[in-house]
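Q: Okay, here's the prediction I keep looking at, along with the sequence it came from:
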Amino acid sequence: MNILVLNSGSSSVKFQVIETDLDLITKSGDKKLVSGIIERIGSESIISFKAEGNPPVKQTAPIRDHKIAIDKIVKWIISKEANIPNIKSLKDIHAVGHRMVHGGEKFTRSVMLNEQIIRDIEDCIELAPLHNPANLKGVYAINDIFGNGVPQIAVFDTAFHHTMPDHAYLYAIPYQMYRRYKVRRYGFHGTSHRYVAYRYRLLNNLQKKQVNVITLHLGNGSSVCAIKNGNSIDTSMGMTPLEGLIMGTRSGDIDPAIIQFLSHKEGYSLAEVESILNKESGLLGISGLTNDMREIIAEAEEHDDRRAKLAITMYCYRIRKYIGSYIAAIGNVQALIFTGGIGENSDLIRAKICEGLEIMGIKIDQDKNKALHGKEGLFSDDKSAVTLWSIPTNEELLIARDTVRCIEKAPLP
């Protein structure tokens with residue numbers, strides 16, 4: 001089956017086409033056929049397409065909305081220019097898998113879309129007003145382009161965390177706020193945490209119930225997940241992706257009273273404070289330079305920039321605190337698994353995060369660590385009680401596999 005995987009953001013659409021089926025999943029024989037992104041939708045858009053084995057296609061064009069963007073993607077996929085051997089028309093795209101950020105309490109697994117399911121996802125918009133509307137634009141566009149001619153599956157970032165116990169997902173606020181409005185912790189990056197935990201299981205020949213690990217998705221958005229017996233039991237993000245770790249532009253954990261304090265002192269509205277915490281804080285806010293960890297590291301190393309060094313220290317310190325608390329929550333932790341743009345590529349950040357964790361049985365092999373950049377591998381010392389892994393995430397592959405399993409009514413792993 002040829003599965004089109006879509007990740008529709010507020011002003012961009014990322015995509016891949018992956019050839020897979022139940023047999024290929026079993027053999028890990030899935031094949032990426034094409035990938036790309038259209039950025040800056042609504043203005044002069046930047047278009048990047050890449051068919052495997054062919055040079056990349058880069059161009060600019062005015063693209064008004066997501067429907068036009070996805071129509072352009074689909075037309076290119078089936079075009080002679082793309083030259084994908086087994087895709088020549090719409091009927092050769094057998095299904096579409098959508099990344100969906102928020103499924104609320106209702107969606108605890110990936111589902112095939114129908115009119116009722118779409119309405120239920122629309123009901124979750126107030127929980128993710130920045131993300132779900134954009135994700136749904138991808139669904140609406142596929143409906144317009146294909147009609148009812150192609151199955152569509154939604155894969156939710158929140159679904160993996162539905163196994164969290166109530167003592168982990170509830171906030172210590174009046175209980176009726178949960179009953180009335182479902183104010184609780186949902187967690188995000190679930191597809192990434194689930195993928196790397198699954199990959200770790202394969203690498204170590206374990207059954208799902210034998211997996212007790214801490215996964216660290218570290219990128220512009222970052223989160224940590226405690227996985228016990230193969231299930232998420234806690235995660236750093238909360239009702240929204242603003243809670244938890246220090247991120248590129250998000251503050252992560254703060255005292256809630258700061259919101260009222262800033263509103264009073266600066267005359268900000270609540271929306272303005274929320275925007276500051278989401279878009280002007282984190283690494284950008286601390287360093288005063290950028291949200292890009294690579295640039296912050298360069299400033300710290302090349303110019304001895306004090307605030308760049310502070311941003312790195314604060315970032316790693318916050319992560320270490322979560323690791324310690326999740327070791328307490330899980331008990332017998334087998335591994336720390338690093339993924340995401342920073343987690344996979346920055347040996348410096350991995351090393352700084354592991355500093356001082358020897359008391360917890362975590363010992364890093366610096367040479368192995370420095371050799372891993374965007375590659376899968378083990379970088380713990382041979383005497384480390386807790387192994388250390390870098391495992392590149394592959395959310396698109398997991399979305400494609402879930403799409404196949406939903407169509408075939410096969411169980412999800």
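A: Received, thanks.

Q: Residue 232 pairs with what?
A: The partner list for residue 232 in beta bridges (DSSP bridges) reads residue 227.

Q: Mind checking the pLDDT average for stretch 270-290?
A: In this model, stretch 270-290 has an average pLDDT of 97.

Q: for that stretch, which positions count as buried?
A: 273, 276-278, 281-287, 289-290 (16 or more other Cβ atoms under 10 Å). Placement of C-beta: from N, CA and C, glycine included.

Q: what's the answer for stretch 377-384, then?
A: 378, 379, 380, 381, 384.

Q: can you list those in JSON lines and add pLDDT?
A: Output for the buried residues of stretch 377-384, formatted as JSON lines (pLDDT from 0 to 100):
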{"residue": "378", "pLDDT": "98"}
{"residue": "379", "pLDDT": "98"}
{"residue": "380", "pLDDT": "98"}
{"residue": "381", "pLDDT": "98"}
{"residue": "384", "pLDDT": "98"}
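
Q: Now, these that are in helices?
A: Among those, no residue falls in helices (DSSP state H).

Q: Let me have those residues in JSON lines, extended by distance to residue 352.
A: Shown next, in JSON lines, are the buried residues of stretch 377-384 (distance: Cβ to Cβ, whole Å):
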{"residue": "378", "distance to residue 352": "19"}
{"residue": "379", "distance to residue 352": "14"}
{"residue": "380", "distance to residue 352": "16"}
{"residue": "381", "distance to residue 352": "16"}
{"residue": "384", "distance to residue 352": "17"}
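
Q: residues of the longest helix along the chain that come out buried?
A: The single longest helix within the chain, with elements called by DSSP H, is helix 306-330. Judged by neighbour count using 16+ other Cβ under 10 Å, the buried positions of helix 306-330 are 308-309, 311-312, 314-316, 318-320, 322-323, 326-327, 330.

Q: now stretch 179-197
A: By neighbour count with 16+ other Cβ under 10 Å, stretch 179-197 contains the buried residues 183-197.

Q: that older thread, going C-terminal from the longest helix of the chain, what's the next secondary structure element?
A: As assigned by DSSP states H and E, the chain's next helix or strand after helix 306-330 is strand 335-339.

Q: Now that following strand - C-alpha only, PDB.
A: C-alpha atoms of strand 335-339 as PDB (Å, rounded to 0.1, in the frame of the first residue of the first chain):
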ATOM      1  CA  ALA A 335      17.500   3.100  29.500                       C
ATOM      2  CA  LEU A 336      17.400   6.700  28.600                       C
ATOM      3  CA  ILE A 337      16.500   7.200  25.000                       C
ATOM      4  CA  PHE A 338      17.400  10.500  23.300                       C
ATOM      5  CA  THR A 339      15.500  11.600  20.100                       C
END
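
Q: now that strand and helix 306-330, what's the angle there?
A: 140 degrees (axes from the mean of the first three to the mean of the last three Cα atoms, to 10 degrees).

Q: Residues in contact with strand 335-339: which ones?
A: 192, 196-197, 200, 213-218, 323, 344, 350, 354, 362, 386-393 (Cβ atoms under 8 Å, 6 or more residues apart in numbering).

Q: Can you flag which of those belong to helices?
A: Judged by DSSP H, helices contain the following of the contacts of strand 335-339: 192, 196, 197, 200, 323, 344, 350, 354.

Q: Spit out the contact partners of the second one.
A: In other words, residue 196. 215, 217, 337, 339, 391, 393.

Q: what about 7 Å?
A: 215, 337, 339, 391, 393 (Cβ atoms under 7 Å, 6 or more residues apart in numbering).

Q: Quick one: these as a markdown table, columns for distance to residue 239, neighbour count and pLDDT too.
A: Below are the contacts of residue 196 laid out as a markdown table (distance: Cβ to Cβ, whole Å; neighbours: other Cβ atoms under 10 Å; pLDDT from 0 to 100):
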| residue | distance to residue 239 | neighbour count | pLDDT |
| --- | --- | --- | --- |
| 215 | 20 | 30 | 99 |
| 337 | 25 | 24 | 99 |
| 339 | 23 | 27 | 98 |
| 391 | 28 | 24 | 98 |
| 393 | 23 | 24 | 97 |
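
Q: Relative to residue 18, which of the residues you listed is nearest.
A: residue 393 (14.7 Å; Cβ to Cβ).

Q: so that closest one makes contact with residue 192?
A: Yes. Look at residue 393 against residue 192 with Cβ atoms under 7 Å: they come within range, at 4.4 Å.

Q: Common neighbours of these two, please.
A: Contacts common to residue 393 and residue 192, judged by Cβ under 7 Å, 6+ apart, are 217, 339, 340.

Q: Any chance of a markdown table for those, columns distance to residue 166?
A: Shown next, in a markdown table, are those (distance: Cβ to Cβ, whole Å):
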| residue | distance to residue 166 |
| --- | --- |
| 217 | 24 |
| 339 | 28 |
| 340 | 28 |
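
Q: What distance do you get for the closest residue to residue 391 other than its chain neighbours to residue 336?
A: Using Cβ to Cβ, 6 or more residues apart in numbering and skipping the chain neighbours, the partner closest in space to residue 391 is residue 196 (4.5 Å). The gap separating residue 196 from residue 336 is 11 Å, by Cβ to Cβ, to the nearest Å.

Q: in which helix or strand would I find the residue nearest to residue 269 when sequence neighbours are not counted?
A: Counting by Cβ to Cβ, 6+ apart, residue 263 is the residue found nearest to residue 269 once chain neighbours are left out, at 7.1 Å. Assigned by DSSP H and E, residue 263 belongs to helix 257-266.

Q: residues in contact with that helix?
A: Residues contacting helix 257-266 (Cβ under 7 Å, 6+ apart): 268, 270, 273.

Q: and if you look at stretch 198-213?
A: Here stretch 198-213 has contacts from 197, 227-230, 330, 332-335, 337, 389, 391, 413, using Cβ under 7 Å, 6+ apart.

Q: likewise stretch 147-158?
A: With Cβ under 7 Å, 6+ apart, stretch 147-158 has contacts from 93, 95-103, 107, 110-113, 121, 139, 142, 186-191, 399, 402-403, 406-407.
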